[in-house]
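A.B. asks: Have a look at this prediction, sequence included:
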Amino acid sequence: MADAAGWAGTKLVLEMGRITRDNLTRDEAMGKIASLLLDSFPVEAAAILIYDPVSKSVYVSSSVTKSKDTAMIPEDITLRLQGGSCLTEALRNPHEPTYVPGGTVDPVLGKLTGNFVAVVPMATGEEVSGFMVLAGNDQSGASGLIPELLMAVGSQTAIVSSKANLIESLRQSEERYESLMENANDLVFVLDRGGRFLYANSRWADIMGYPPEEIVGRYFGEFVSADSWANTVAAVKKAGLEQRKYIEYSWVIDSQLGSKVTLDVRASLIYQGPDLVMHQGIARDESAEKKLQAELVKRDRELGQSKSREVRMREYLSVANAAQEEERARIARELHDGAVQYLVALGRRLDLLRKTMSGEGLLPEADESICKTARELDDMDVLVDTAIDDLRKFARNLRPPVLDDFGLVSACEWLGQQAEKEGIDVAFVPSGSVRRLPQDMEVSIFRIAQEALSNSVKHSGASRVDFSLDFAGNMLTMTLRDNGQGFDPPTSPGSLVRAGQMGLVGMFERAEILRASIDLKSQKGHGTVLTVTIPIDTSRPA
C-alpha cells in the first residue's frame with residue numbers, strides 16, 4: 001500500500017507541475033489540486049486553506065468530497081485561528097503532518113468528519129502559506145499517507161499558490177495601468193525604435209480628433225510638422241548615443257478638429273542593452289501649467305529608479321492625484337474670485353437700479369408696465385442670489401476651505417453636515433489621539449470619505465450613516481456604515497473598471513497611494529460597511 005501511495009503521490013506532484021505552468025487564478029489552481037488529492041490518496045474529503053499571517057486567519061480556497069455529502073469545510077469563507085486548533089498545532093510544527101482523530105470538535109474547523117484527519121502545512125522553508133486538510137473513513141488508510149510525500153505535495157502546493165497570487169497581482173496591476181492610461185487627461189503614446197505608434201490612449205480622439213485605431217501602426221512623422229519630425233529624430237538619436245533615459249521635445253500637429261496644436265512631450269527611453277527599442281511619452285498642450293509638468297518629470301525620474309512596477313504605478317497615481325487636487329483648488333479660487341464676484345456686483349447694480357427707480361418716483365402703483373419691470377427686477381435679483389449660492393457651494397465641494405484651514409477631522413464633520421442636508425442622519429465620531437496629518441494624506445483620506453458618503457446619499461437609499469475616525473498610534477482607521485439597500489461588492493479593483501464604477505476606482509487608487517487597505521463589505525438588503533486602514537508615517541511633519 002505504501003508503494004501504491006508513493007506512486008500515486010509522485011504522479012500527483014507531476015500533475016501539479018503541469019498546473020504550475022498554467023496561468024490559473026489561485027482558487028482555480030487550488031480546486032484542481034484538491035481534486036487530485038482525492039484521486040491520489042485513500043481519503044474521502046480534502047480542503048485547501050490559505051493562511052494570512054497578518055490577520056492570523058485562513059481562507060478556505062477549495063473543499064471537495066468523493067461522496068454527495070456536505071463538504072468537510074464550506075468554501076469561500078475566512079476563519080480566524082484560535083488556540084487549541086489542529087491548524088495552530090500544525091503552524092507550530094511546520095515540518096511534518098499533524099494527525100487528528102475523526103469526530104474531534106476543532107475550535108476553528110468544527111466537527112471533523114471521518115475516522116482520521118491529516119493536516120499538512122503548505123511550507124517553503126520556515127514560511128507556512130496554508131494547509132491541506134485530508135479526511136478518510138478507513139483508519140487503515142492513514143498508513144498510506146507517507147509523511148515525506150505529504151510534505152512534498154504541501155510544498156509544491158505552496159509554490160503553485162504563490163505563483164497564482166503573483167499572476168493575479170500582475171493582472172490587477174495591468175488593469176490599473178490600462179485604466180490610468182485611458183483615463184489620463186494627457187495624450188499618452190508608445191513608439192517603437194522606428195518611430196511607429198505601438199499605443200495611443202483615447203485622449204487622442206478627444207484632443208486631436210485622431211482615434212487610437214487610426215494612429216497605431218503609423219509613423220509619428222505622418223502627424224507632426226516637418227520641423228517637429230526633424231527635431232524629434234535628432235533628439236532621440238542624440239539621447240540614444242548618450243544612453244539617456246529621459247528627453248523633452250515639442251510636436252506641432254494639425255488636428256482633425258481644425259486647429260494647429262503645439263504639444264510639449266516628456267518621454268522615457270527604453271533600452272535592451274545598448275540598443276534603443278522604444279520610447280513612451282506624455283504629450284500636453286504647452287499652455288498647461290508648467291509647474292505640473294516639472295513635477296511629472298521629476299516623479300517620472302524617481303519612478304525610473306525603481307524596479308518594482310507596483311511602486312512605479314503608486315508614485316504615478318500620487319502625482320496625478322496631486323495634480324487633480326491642485327486643479328480643483330485653482331478652479332475653486334477662480335470661481336470665488338471671478339464669477340462669484342461678478343454676480344455679487346451684478347446683484348448690487350440691480351439693487352441700485354431698483355432704489356433709483358423708487359427714488360425718482362418711477363414705481364407708481366397705477367403704471368402696470370413699471371410694476372411689471374419692478375417684479376422682473378425682483379426675479380432677476382433672486383436668480384442672481386441663487387446662482388451665487390450654487391457657485392459658492394460648488395467651489396466649496398471642489399476644495400472645502402475647512403480642509404486646508406482646520407484639517408481632516410473638521411472637514412469630515414463638514415461632510416457629514418452636507419450629507420444631512422440631503423436627508424441622511426450622519427453620526428460622526430473622531431476618537432484616539434486626534435491630530436493633523438501631512439496635507440497630501442489628509443486630502444486623499446478626505447476624498448475617500450467624500451466618495452463613500454456621496455454613494456450613501458445618491459445610491460444606497462440609506463437613512464443613517466455611522467462615520468468614525470480612530471487615531472491609534474501610527475494607524476488611522478476610517479469606518480463608514482450605512483443602513484441602505486446594499487449591493488454586490490467588487491471582486492477586485494479591476495472589476496470596477498469593467499463595470500464603469502470610476503468613483504470606487506478612484507477610492508481604491510487613493511488607498512493605493514496611502515498604502516492603505518480597504519475592506520468593503522455589503523450585502524443586498526443589509527447595508528454597506530467601508531473600513532479603510534491607513535498607516536501614518538510619524539516621521540513626516542503635519
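C.D. replies: All right, it came through fine.
A.B. asks: and stretch 459-479, average pLDDT?
C.D. replies: Averaged over stretch 459-479, pLDDT sits at 92.
A.B. asks: Which of the helices or strands spans the closest residue to residue 71 other than its chain neighbours?
C.D. replies: Using Cβ to Cβ, 6 or more residues apart in numbering and skipping the chain neighbours, the partner closest in space to residue 71 is residue 63 (4.2 Å). Every C-beta, even on glycine, is put in place using the N, C-alpha and C of the backbone. Here residue 63 sits within strand 57-65, counting by DSSP states H and E.
A.B. asks: re earlier: how far away is the residue nearest to residue 71 from residue 230?
C.D. replies: Residue 63 sits 66 Å away from residue 230, going by Cβ to Cβ, to the nearest Å.
A.B. asks: swap in residue 452?
C.D. replies: Applying Cβ to Cβ, the value for residue 452 to residue 230 is 52 Å.
A.B. asks: The two: who's more crowded?
C.D. replies: Comparing residue 452 with residue 230 by neighbour count (other Cβ atoms under 10 Å), the higher total belongs to residue 452, at 24 against 12.
A.B. asks: Residue 19: neighbour count?
C.D. replies: By other Cβ under 10 Å, the residues close to residue 19 number 19.
A.B. asks: Same question for residue 474.
C.D. replies: Per other Cβ under 10 Å, the neighbour tally for residue 474 reads 11.
A.B. asks: Just give the closest residue to it, not the sequence neighbours.
C.D. replies: Nearest to residue 474 is residue 536, by Cβ to Cβ, 6+ apart, at 4.9 Å.
A.B. asks: Can you verify my assumption that the one you found contacts residue 438?
C.D. replies: No - using Cβ atoms under 8 Å, residue 536 makes no contact with residue 438, being 9.0 Å away.
A.B. asks: Look at these two and report which has more neighbours.
C.D. replies: Looking at residue 536 and residue 438 with other Cβ under 10 Å, you find the greater number of neighbours at residue 536, namely 18 against 13.
A.B. asks: quick one: the more buried one from residue 441, how far?
C.D. replies: 8 Å.
A.B. asks: swap in residue 161?
C.D. replies: Taken as Cβ to Cβ, the span from residue 161 to residue 441 is 34 Å.
A.B. asks: who does residue 281 bridge with?
C.D. replies: residue 189, residue 267 (DSSP bridges).
A.B. asks: residues contacting it?
C.D. replies: Neighbour list for residue 281: 188, 189, 190, 191, 265, 266, 267, 268 [criterion: Cβ atoms under 8 Å, 6 or more residues apart in numbering].
A.B. asks: Go again with 7 Å.
C.D. replies: Going by Cβ atoms under 7 Å, 6 or more residues apart in numbering, residue 281 touches 189, 265, 266, 267.
A.B. asks: for those residues, which one is nearest residue 487?
C.D. replies: Taking Cβ to Cβ as the measure, residue 487 lies nearest residue 189 of those, at 37.1 Å.
A.B. asks: Was I right to think that closest one contacts residue 196?
C.D. replies: No - counting by Cβ atoms under 7 Å, residue 189 does not reach residue 196; the two are 10.7 Å apart.
A.B. asks: okay, these two: which has more neighbours?
C.D. replies: Higher neighbour count among residue 189 and residue 196: residue 189, with 24 against 17, using other Cβ under 10 Å.
A.B. asks: Distance of that one relative to residue 215?
C.D. replies: Using Cβ to Cβ, one gets 8 Å for the distance from residue 189 to residue 215.
A.B. asks: what touches both of those two?
C.D. replies: With Cβ under 7 Å, 6+ apart, residue 189 and residue 215 have common neighbours 197, 200.
A.B. asks: could you check the distance from the closest residue to residue 168 other than its chain neighbours over to residue 187?
C.D. replies: Nearest residue to residue 168, sequence neighbours excluded (Cβ to Cβ, 6+ apart): residue 25, at 5.9 Å. Remark: distance between residue 25 and residue 187 (Cβ to Cβ) = 35 Å.
A.B. asks: Which of these two has more residues huddled nearby?
C.D. replies: residue 187 (25 against 14).
A.B. asks: can I assume residue 510 sits in a strand?
C.D. replies: No - using DSSP: H, G, I helix; E, B strand; the rest coil, the secondary structure at residue 510 is helix, not a strand.
A.B. asks: Count the residues that sit near residue 184.
C.D. replies: What residue 184 shows, counting by other Cβ under 10 Å, is a neighbour count of 16.
A.B. asks: Closest one of the contacts of residue 281 to residue 528?
C.D. replies: Using Cβ to Cβ, the contacts of residue 281 come closest to residue 528 at residue 189, 39.5 Å.
A.B. asks: residues contacting that closest one?
C.D. replies: 197, 199, 200, 280, 281, 283.
A.B. asks: Mind doing that once more with 10 Å?
C.D. replies: Counting by Cβ atoms under 10 Å, 6 or more residues apart in numbering, residue 189 touches 181, 197-201, 203-204, 212, 215-216, 220, 265, 267, 279-283.
A.B. asks: Which members of the residues you listed are positioned in strands?
C.D. replies: When DSSP state E defines the strands, the subset of the contacts of residue 189 inside them is 197, 198, 199, 200, 265, 267, 279, 280, 281, 282, 283.
A.B. asks: need the helix or strand of this structure with the lowest average pLDDT.
C.D. replies: Ranking every helix and strand in the chain by mean pLDDT, DSSP states H and E puts helix 309-334 at the bottom, with a mean of 56.
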